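S.K.: all I have is the shape, not the residue letters:
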C-alpha cells in the first residue's frame, strides 16, 4: 500500500485522481500536463477498480506555474482527449476527512 | 499518513454517493437597519446585505473548485424582519420582503431566510404586521423564506399564534394557487426554533448572533445508505457504529468548508449543522437509508426505531467531528424532497400519523407535506398544535411546513420542481378541531421547563 508522506509539500499538495477506461498514454498524458505546470509528482498509485482504470497521483504545487483552478482546466482538457475523468483536489479534503 | 484506500473512499463519496455540502449560509444582522421611514429601512437592508454577502457566491465556488466538493447552495439568513421593521411607520411589510428578494438576486443566492417573527409568548405590533404580510410577501417574491416560532419549552404554546398560522398557511397556498401552493414551501412554523440554523426555509439570524457569521449545513444520505448496505447482516451495534463513522467523515467536510469560507470572507465561523438532508435525486434519500436497515418500505412498523437509531448515531459521529455543532442537527424527513418518502407516501405506507411519530425522534418535523386544498385552517392549526406540542414536551425543535394544495385532493400530485421536489396529496382527518384551536390564549409551559 502506498502512503502519502507528511514531510514534504508544505500543505501545497493536490490529489489528482484519474478514473476511466484503460488505454495507452494515460499516465504520459497526465504527467505531461503536470510537467508543463511545473507540478512535482510525489507519488503514483494505480489499480483496476470495478473494471475501471484508477490512478491516484500526489502532486506538489509549491513551484507550480499555475493556480489550482487553472491546473484543473488543463487536466480537464487532457481528460477529454483521453476519454477519462480527472479530478484535482486539495489534499486538505482527504486529511480533514480521515484525520483529526 | 493517508492511505490510497482513504483517498479512494473520499473520491467515491463525492463522485458516486452524492456527498456534498448542502449549504453555506451567511447570517447577517440587520439590527442597525431600522428606520421610521420604511423606504429608508429597505434601502439600508438592501445595501447591508449586498455589501456583506457580495463575495459569498464567488467564495463558495472557489472552495468547490479547490476541494472538489460540491456546495449545492449559498444562502443568507437575516435578523427576523418583524424586529427590524417594527420601528417603521407602515402597516404592511411586503416591501421589506421585496428588498430581501432584490438583495438575494443581486448577490446570486437562491434563498434568503428571515421574514420571520418570534411569537411564542405573545405578539407585538411588528409581529402582527409581519404575520399578516406573509401570504402576500411569499406570493410576490421568489427567494424569500418565512418562519414563525409559536412555542418554546420555556414558555408553552401560543395558541392564538397557532390558529393564526393555520389561516396564514391556507391564505399563502391560495395566493400561490397557480404553482400548487408553492408559497407554503417557503413557510415554516416552529417550536423551539434554533437561531443558527443554516437550512431553509427555517433559517434566520438570531438575536444572540454576531454581526455576521458563516454556518454550514452538511448532507450525505447517499453516503450513509451505502455504508449501511455494507453491514446488511450485522447486529445493531455494528449498524450504529457504521453510521457514526460515516457521519463523522461527512461532518468533517462541513467543518473544513465552513472554516475555509469564514476565513476567505473574513467573518467568524458559526456552526456545522449535522443534518442528513435528502434531495429528490435517486440515492440521496433518508427513507432509503431506513429501508437499507431492513425495512421493506419507509413508514411501516419499525420506522420510528430505525430513524431513532439513525438520528442518534449521526449526532454522535458528527459531534466528534466538529468543534461547534448547532442548528437543527439530525435527520430531515421532508416528504416531497426525498424520493423514498415520496414512494412510501404514494403507496400509502407513509401516513401523516406515522410522520408525526417519526418527528419525535429526529430533527425538524412535518416537512413538505401536501394535503388536500380544502383542508380548513382550523385543521392546519390543529396539525401545527400537535407537532409543536411534541417539541415543547420533548425539549426539541419541531416544525411544520405543510402545503394545502389548492384544488387538489387525495391521490393527486403536486410539483414544486428543483430541490423542493414533488409530493402526493395525503389525507387528513375529517372531524373538526375548530373549537379546540379557537379557545384562545396560551398552553402553559410544561413542568419539565422548570429547571432553575
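M.R.: Sure thing, it's come through. Source: prediction; values computed, not measured. Residues are numbered from 1 along each chain as shown, chains lettered A, B, ... in the order given.
S.K.: near chain A, which residues of chain B?
M.R.: Contacts of chain B with chain A, taken as CB under 8 Å from any CB of the partner chain, map to B:1-11, B:15, B:62, B:65-69, B:249, B:252-253, B:255-256, B:321. For every residue, glycine as well, the C-beta is placed using N, CA and C.
S.K.: so which of the residues you listed belong to strands?
M.R.: Among those, the residues falling in strands (DSSP state E) are B:2, B:3.
S.K.: now which of the residues of chain B next to chain A would you call buried?
M.R.: If you count burial by 16 or more other CB atoms under 10 Å in any protein chain shown, the buried members of the residues of chain B next to chain A come out as B:2, B:4, B:6-11, B:62, B:65-69, B:249, B:252-253, B:255-256, B:321.
S.K.: point to the residue nearest the middle of chain A.
M.R.: Note on chain A: the residue nearest the mean C-alpha position is residue A:16, at 1.9 Å, using CA atoms, centre = their mean.
S.K.: confirm that residue sits in a strand?
M.R.: Yes - secondary structure of residue A:16 (DSSP: H, G, I helix; E, B strand; the rest coil): part of a strand.
S.K.: kindly state the beta-bridge partners for it.
M.R.: Counting by DSSP bridges, residue A:16 is bridged to residue A:57, residue A:88.
S.K.: quick check, it in contact with residue A:87.
M.R.: Yes - under the criterion of CB atoms under 8 Å, residue A:16 makes contact with residue A:87 at 7.1 Å.
S.K.: for the chain, give me the ranges with low pLDDT.
M.R.: In the absence of a named chain, this looks at chain A. A:1-11 (pLDDT under 70).
S.K.: nope, chain B please
M.R.: Looking at chain B by pLDDT under 70, you get B:1.
S.K.: hey, which helix is longest across it?
M.R.: helix B:236-265 (DSSP state H).
S.K.: so which elements touch that helix?
M.R.: Under the contact definition 3 or more CB pairs under 8 Å, 6 or more residues apart in numbering or on different chains; DSSP states H and E, helix B:236-265 sits against helix A:92-98, helix B:4-15, strand B:21-28, helix B:56-67, strand B:212-218, helix B:221-230, strand B:269-273, helix B:303-321.
S.K.: check which residues of it are buried.
M.R.: Buried residues in helix B:236-265 (16+ other CB under 10 Å): B:239-244, B:246-262, B:264-265.
S.K.: and stretch B:445-452, by the same measure?
M.R.: Across stretch B:445-452, burial judged by 16+ other CB under 10 Å covers B:445, B:446, B:449.
S.K.: pull the number of nearby residues for the closest residue to the second one other than its chain neighbours.
M.R.: What it means is residue B:446. Nearest non-adjacent residue to residue B:446, counting by CB to CB, 6 or more residues apart in numbering or on different chains: residue B:393, 5.4 Å away. Neighbourhood size, residue B:393 [other CB atoms under 10 Å in any protein chain shown]: 16.
S.K.: rewinding a little: what is the nearest of the buried residues of stretch B:445-452 to chain A?
M.R.: Each of the buried residues of stretch B:445-452 was scored against chain A by CB to the nearest CB, and residue B:449 proved nearest at 36.6 Å.
S.K.: quick one: the closest one and residue B:151 touch, right?
M.R.: No - counting by CB under 8 Å, residue B:449 stays clear of residue B:151, with 11.2 Å between them.
S.K.: show me what contacts residue B:129?
M.R.: With contacts defined as CB atoms under 8 Å, 6 or more residues apart in numbering or on different chains, the neighbours of residue B:129 are B:82, B:85, B:90, B:91, B:92, B:93.
S.K.: chain B contacts on chain A?
M.R.: By the rule CB under 8 Å from any CB, the part of chain A lying against chain B is A:1-6, A:15, A:17, A:19, A:45, A:47, A:49, A:54, A:56, A:68-69, A:72, A:85, A:87-100.
S.K.: of those residues, grab the buried ones for PyMOL.
M.R.: Buried subset of the residues of chain A next to chain B, written as a PyMOL selection, criterion 16+ other CB under 10 Å:
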select buried, chain A and resi 2+4+15+17+19+45+54+56+68+72+87+88+89+90+91+92+93+94+95+96+97+98
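S.K.: in chain A, what residue is nearest chain B?
M.R.: Closest point on chain A to chain B, by CB to the nearest CB, is residue A:89, at 3.6 Å.
S.K.: return the residues in contact with that residue.
M.R.: For residue A:89, counting by CB under 8 Å, 6+ apart, the contacting residues are A:14, A:15, A:17, B:66, B:67, B:68, B:69.
S.K.: can you show me the strands along chain A?
M.R.: In chain A, the strands defined using DSSP E lie at A:3-4, A:13-20, A:40-49, A:52-60, A:84-90.
S.K.: buried ones in the one helix or strand residue B:134 maps to?
M.R.: Following DSSP states H and E, one finds residue B:134 within helix B:125-140. Of the residues in helix B:125-140, B:126-140 count as buried by neighbour count, 16+ other CB under 10 Å.
S.K.: just the closest residue of the stretch 251-400 of chain B to chain A, please.
M.R.: Taking CB to the nearest CB, the stretch 251-400 of chain B has residue B:256 as its residue nearest chain A, at 4.3 Å.
S.K.: residues touching that residue, list them.
M.R.: A:92, A:93, A:96, A:97, B:67.
S.K.: same check on residue B:354?
M.R.: Residue B:354 neighbours (CB under 8 Å, 6+ apart): B:299, B:303, B:304.
S.K.: distance to residue B:120 for those - can I get that in JSON lines?
M.R.: Formatted as JSON lines, the contacts of residue B:354 follow (distance: CB to CB, whole Å):
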{"residue": "B:299", "distance to residue B:120": "31"}
{"residue": "B:303", "distance to residue B:120": "30"}
{"residue": "B:304", "distance to residue B:120": "27"}
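S.K.: just the contacts of residue B:129: which are in helices?
M.R.: Using DSSP H, B:82, B:85 are the members of the contacts of residue B:129 that sit in helices.
S.K.: am I right that residue B:109 is in contact with residue B:74?
M.R.: Yes - in this structure residue B:109 lies within contact range of residue B:74 using CB under 8 Å: 5.2 Å.
S.K.: so what sits against both of these two?
M.R.: Residues touching both residue B:109 and residue B:74 comprise B:56, B:57, with contact defined as CB under 8 Å, 6+ apart.
S.K.: report the longest helix in chain A, please.
M.R.: helix A:68-82.
S.K.: which neighbouring elements make contact with it?
M.R.: Helices and strands touching helix A:68-82, by 3+ CB pairs under 8 Å, 6+ apart, are strand A:13-20, helix A:26-36, strand A:84-90, helix B:56-67.
S.K.: could you redo the last one with a cut-off of 6 Å?
M.R.: helix A:26-36, strand A:84-90 (3 or more CB pairs under 6 Å, 6 or more residues apart in numbering or on different chains; DSSP states H and E).
S.K.: most tightly packed of these?
M.R.: Neighbour counts (mean count of other CB atoms under 10 Å in any protein chain shown) averaged over each of the helices and strands packed on helix A:68-82 peak at strand A:84-90, with a mean of 21.
S.K.: what angle separates that strand from helix B:4-15?
M.R.: 110 degrees (axes from the mean of the first three to the mean of the last three CA atoms, to 10 degrees).
S.K.: tell me the angle of strand A:84-90 relative to helix B:236-265?
M.R.: Using the same axes, to 10 degrees, strand A:84-90 lies at 70 degrees relative to helix B:236-265.
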